[in-house]
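J.: show me the folded form of this:
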Amino acid sequence: MADIESTLERIKKHQDVLGYLILSHDNRIIREFSALPDSENQHSVYAKEITELTAKARSVVRDLNPQNDLTFLRMRTKTSEVLIAPEKEYVLIVIQAITKDGV
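T.: Numbers count the residues shown, from 1 in each chain. Next up is the predicted model:
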C-alpha cells in the first residue's frame, strides 16, 4: 500500500499533471486528485467517457489478435493528454497539460 501511495504522490507532484482518477471496473471513482476547479463534475464525465473508450480500444486490440490485450492508451487533445492504464482490478487515468514544447 505504501508503494501505491508514493506512486500517486509522485504523479501528483509532476508539474504538468492536472489530475488523476482511479476507477473500479464498474466505473466507480475509487481515488481522485485534481488541480482544476469544478473537478467533481469533470471527473464523472472523464470516468464515464474513458471507461467506454477503454472498452472499445480493448475490443479493437482483441479483434486484431485474440491473444493480446490493451495495456496502455494515450490520448492527446489540443490542451491536454490523457494517459490510461487499464489493469485487472482498476483503471488509472492521468490528465496532464500540454506544455509549450509540446510534451
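J.: could you show me where the strands are in this structure, in order?
T.: 17-24, 29-34, 73-76, 80-86, 90-97 (DSSP state E).
J.: dump the ones you listed to a markdown table, plus mean pLDDT and mean neighbour count.
T.: Any C-beta I mention is one placed from the backbone N, CA and C, and that applies to glycine too. A markdown table is the format used below for the strands of the chain (pLDDT from 0 to 100; neighbours: other Cβ atoms under 10 Å):
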| stretch | mean pLDDT | mean neighbour count |
| --- | --- | --- |
| strand 17-24 | 93 | 20 |
| strand 29-34 | 90 | 16 |
| strand 73-76 | 96 | 14 |
| strand 80-86 | 95 | 18 |
| strand 90-97 | 94 | 20 |
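J.: next, the angle from the helix ranked longest in the chain to strand 90-97.
T.: Ranked by residue count under DSSP state H, the longest helix found in the chain is helix 39-64. Between helix 39-64 and strand 90-97, the angle comes out at 120 degrees (axes from the mean of the first three to the mean of the last three Cα atoms, to 10 degrees).
J.: once you drop chain neighbours, what's closest to residue 82?
T.: residue 75 (4.5 Å; Cβ to Cβ, 6 or more residues apart in numbering).
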